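J.: Structure, please.
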Amino acid sequence: GTVVCMHIGSSSQMPAASPDAPPGVQAALSFNNAMASMMDFLFSGVLVSFPRLKLAYAEGQMGWIPYALERADDVWEEHRAWGGVRGLIPEPPSTYYYRQIYCCFFRDKHGVASLDTVGVDNATFETDYPHVDSTWPHTRRIAAEHVADLSPETTYKILRGNAIRMLELD
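T.: Numbering: from 1, shown residues only. You can find the predicted model right below:
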């Protein structure tokens, strides 16, 4: 039942395209930390061994998740013999994502458009206040724009319900 909150994948170093890249490159690539960490967990066997462990990827956004899950499942299916996961991961990695991983986003229209694959039960809206890369002071407007075309049930899940369920709150 423990939730491990991963801050942009909790990597010790932000990615950069080159040593002299401006800070904007790091900001644009920060989701890569979440993706690398998520792949580590999906292939590690930890989520198999601890089926009630939950991960939440703060600041990771979610538009990248559909392809990452597709690729993870393809690698599991086609390469698990030499990939070191035969016997370690009995089901496709996406199984463990949908069961145990939550993505957090504050500005990701592509991710919202991909909710059928991201998972309406796996997505949570965050504010990321007071960081520079946040939606404050326009958070309410931006949240409303992101959920404008969603059903009331999905809107509730993303803005509140999934976080309540993830954290096992009343």
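J.: Tell me which residues of the lowest-mean-pLDDT helix or strand in the chain come out buried.
T.: Across the helices and strands of the chain, mean pLDDT, DSSP states H and E gives its lowest value to helix 23-29, namely a mean of 80. When burial is assessed from 16 or more other CB atoms under 10 Å, helix 23-29 yields the following buried residues: Q26. In this view, the C-beta of every residue, glycine as well, is placed from N, C-alpha and C.
J.: need the contact list for I164.
T.: I164 makes contact with D170, according to CB atoms under 8 Å, 6 or more residues apart in numbering.
J.: now swap in V118 and tell me
T.: Contacts of V118 were listed using CB under 8 Å, 6+ apart, and they are 62, 65-66, 103, 111.
J.: now swap in M39 and tell me
T.: Residues counted as contacts of M39 (CB under 8 Å, 6+ apart) are 68, 72.
J.: That one: helix or strand, and which one exactly?
T.: The secondary structure element spanning M39 is helix 31-44 (assigned by DSSP states H and E).
J.: Pull the residues that contact the helix or strand that that helix is followed by.
T.: Toward the C-terminal end, the helix or strand that comes next after helix 31-44 (DSSP H and E) is helix 46-49. Around helix 46-49, the neighbours that count as contacts under CB under 8 Å, 6+ apart are 41, 53, 88-90, 96, 99-101.
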